[in-house]
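In: Using only what follows, build the 3D model:
(one chain, ligands or ions: 1)
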Amino acid sequence: MAAHQEKKTSEERKRKSTQNDTRTSQVQWGRAWEVDWFSLANIIFLLMFAPLIVYYFIMSCDQYQCSLIDPLIDLFTGNKHLSDIWNKTPTLTYRAAAIYTLWVAFQVFLYLFIPDFCHKFLPGYVGGVQEGAVTPAGIVNKYEINGLQAWIITHVLWFANAYYFHWFSPTIIFDNWIPLLWCANVLGYAVSTFAMIKSYFFPTNAKDCKFTGNFFYDYMMGIEFNPRIGKWFDFKLFFNGRPGIVAWTLINLSYAAKQQELYGQVTNSMILVNVLQGIYVLDFFWNEAWYLKTIDICHDHFGWYLGWGDCVWLPYLYTLQGLYLVYHPVQLGTANAIGILMLGLISYYIFRMTNHQKDLFRRTNGNCKIWGKKPEYIECSYMSVDGTKYYSKLMTSGFWGWARHFNYTGDLMGSLAYCLTCGFEHILPYFYIVYMTILLTHRCIRDEHRCFSKYGKDWKRYTAAVPYRLIPGIF
Ligand code: NDP
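Out: Okay, the predicted model is just below:
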């Protein structure tokens, strides 16, 4: 009887929420971000300076042993001119262009032509054809999830080459790092520009395009939601995961091989970076189907931010610790090494469990157990652009009761662990934690803005129930 009453009340609440005052904003979700001056200034800044930032970091390692200050001192004291630095920078080579073309072509081949077989024998792994989230236009896309397989095949070949075939040196990535940077930029700009042109002339789904009228914003944040070529080549899924994230672990392996070549040994700090980042990358591919429900895939449009970011920013700046350790082979004391390992593993546990709790909660529609109890939640509703009303739930227990983005907190703690492997001699390896803090705080605010547009006053009820964003009691 009580349950029946509760159901009736909840249905009434759902009906009433159709008329709530957030109706206008709700149908705008996914496309309501206004291009204010601050956003525009940030966008133009990033378009102009992000490629230079990447160049500066890599050049600092190449020419200044990873010191970020020394190039500036040289320039300000007149010891060197910009042209001196530029002239010492390796240029694009045929060899790098061939390596890069082969690399991307191989990843396209693995993505498009080898349907997933991992889900057939790996218990618990979700692969093969999977559905994404409902888009603002009410479309549900299908994806071929075969990233884990692509990662395994690529790495098996890498090790087969390193220990058996010897077609190329395992230091190949490090040895061509700057020429490869130019190739990655060419691809990053080409794909972002192509995506922009495509959205005007042959969009995959015109209803899911977001034209703000501002060229820079559109180029940076993207117009098309899920650009595709043919039925299966999905730009977001491909560029987000491959080639950048498959390359991440290979890049680290190449750095380890370089340490071995230069110093005759691989330091424990390098092993820690390879292991901790390896877990993160493997986790990404193991959960690729879950990833379809994360912000990158189900909310962001495809523009320079994702296209160039995945090709250049991610492989070059997420791997700075390994690069640094080639120039500064830090050997950590046992206590420090164990401390960093523990921090990395605990962070990973928080990151994974928080994501898992939300995934389980959403998949079972709340009919599950979180920390041994039925989860608590707030019921909410939203509308797609065609006026169809959908219902959803926001969990307020487990890690999601501690803070609204405790998964980001775990991610940030893990990022700190990677940086700590490098000791405290230089600031360059700490760029990652600074960047991740900015990225995830901004992402948190961006996501909350979107969720408010989507859920309206239901979102307000949620923020009242879970008042902190990242750190309980502080922020
Ligand atoms: P989340 O996985 O936190 O997804 C946010 C979405 O989850 C919201 O938009 C909302 O979507 C839904 N949601 C929010 N609160 C709740 C709740 N209480 N209960 C149920 N659903 C809720 O964010 P991301 O997609 O950004 O991140 C996924 C992971 O990827 C994170 O762990 C993050 O750290 C990591 N990441 C790593 C990056 C890197 O560069 N290393 C970059 C970006 C992310 P809905 O509309 O469905 O309600």
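
In: and residue 123, what are its phi and psi?
Out: phi -60, psi 130 (degrees, to the nearest 10).

In: Can you tell me how far it is from residue 277?
Out: Separation of residue 123 from residue 277 (Cβ to Cβ, to the nearest Å) stands at 25 Å. Where C-beta positions appear, they are placed from N, C-alpha and C, glycine not excepted.

In: more crowded one of the two?
Out: residue 277 (24 against 5; other Cβ atoms under 10 Å).

In: name the helices or strands packed onto the helix or strand where residue 248 lies?
Out: Assigned by DSSP states H and E, residue 248 falls within helix 244-263. On a contact count with 3 or more Cβ pairs under 8 Å, 6 or more residues apart in numbering; DSSP states H and E, helix 244-263 meets helix 147-160, helix 172-175, helix 268-286, helix 314-317, helix 320-327.

In: Show me what the second one is packed up against.
Out: Under the contact definition 3+ Cβ pairs under 8 Å, 6+ apart, helix 172-175 sits against helix 244-263.

In: quick one: contacts of the helix it packs on?
Out: By Cβ atoms under 8 Å, 6 or more residues apart in numbering, the residues outside helix 244-263 that reach it are 103, 107, 147, 150-151, 154-155, 158, 162, 169-175, 265-267, 270-271, 273-274, 277-278, 281, 284-285, 310-311, 314-315, 318-319, 322-323, 325-326, 329.

In: and it, which residues are buried?
Out: Across helix 244-263, burial judged by 16 or more other Cβ atoms under 10 Å covers 244-259.

In: Return the item of these having minimum pLDDT.
Out: Least confident entry in the buried residues of helix 244-263, by pLDDT: residue 244, with 90.

In: sorry, back to before: tell me the angle of the helix holding residue 248 relative to helix 320-327?
Out: Counting by axes from the mean of the first three to the mean of the last three Cα atoms, to 10 degrees, helix 244-263 lies at 10 degrees to helix 320-327.

In: Please compute how far stretch 43-53 lies from its chain's middle.
Out: Its chain's average C-alpha position is 19 Å from that of stretch 43-53, according to Cα atoms, centre = their mean, to the nearest Å.

In: Hmm, I typed the wrong one, I wanted stretch 404-423.
Out: Taking Cα atoms, centre = their mean, the mean C-alpha location of stretch 404-423 is offset from the chain mean by 14 Å.

In: ok, so of the buried residues of helix 244-263, who is nearest residue 305?
Out: Closest approach between the buried residues of helix 244-263 and residue 305, by Cβ to Cβ: residue 244, at 13.4 Å.

In: so what does the lengthiest helix in the chain touch, helix or strand wise?
Out: Selection of the longest helix in the chain by residue count, based on DSSP state H, yields helix 334-363. Counting contacts by 3+ Cβ pairs under 8 Å, 6+ apart, helix 334-363 packs against helix 268-286, strand 389-395, helix 399-402, helix 406-420.

In: Worst mean pLDDT among those?
Out: Among the helices and strands packed on helix 334-363, strand 389-395 has the lowest mean pLDDT, at a mean of 88.

In: mind listing what it pairs with, with the direction of each?
Out: According to DSSP bridges, strand 389-395 forms sheet pairs with strand 377-383 (antiparallel).

In: What residues of the partner strand count as buried?
Out: 377-378, 380-383.

In: Please state the mean pLDDT value computed over it.
Out: The average pLDDT within strand 377-383 is 88.

In: mind saving the C-alpha coords of that strand as CSV?
Out: C-alpha atoms of strand 377-383 as CSV (Å, rounded to 0.1, in the frame of the first residue of the first chain):
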residue,chain,number,x,y,z
TYR,A,377,18.6,9.1,-5.5
ILE,A,378,16.7,12.1,-6.8
GLU,A,379,14.3,11.5,-9.7
CYS,A,380,14.6,14.0,-12.6
SER,A,381,13.3,14.6,-16.1
TYR,A,382,14.5,16.3,-19.3
MET,A,383,13.3,16.8,-22.8
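
In: now the angle from that strand to helix 334-363?
Out: Going by the same axes, to 10 degrees, strand 377-383 makes 60 degrees with helix 334-363.

In: Look at residue 209 and report its pLDDT.
Out: What the model reports as pLDDT for residue 209 is 87.
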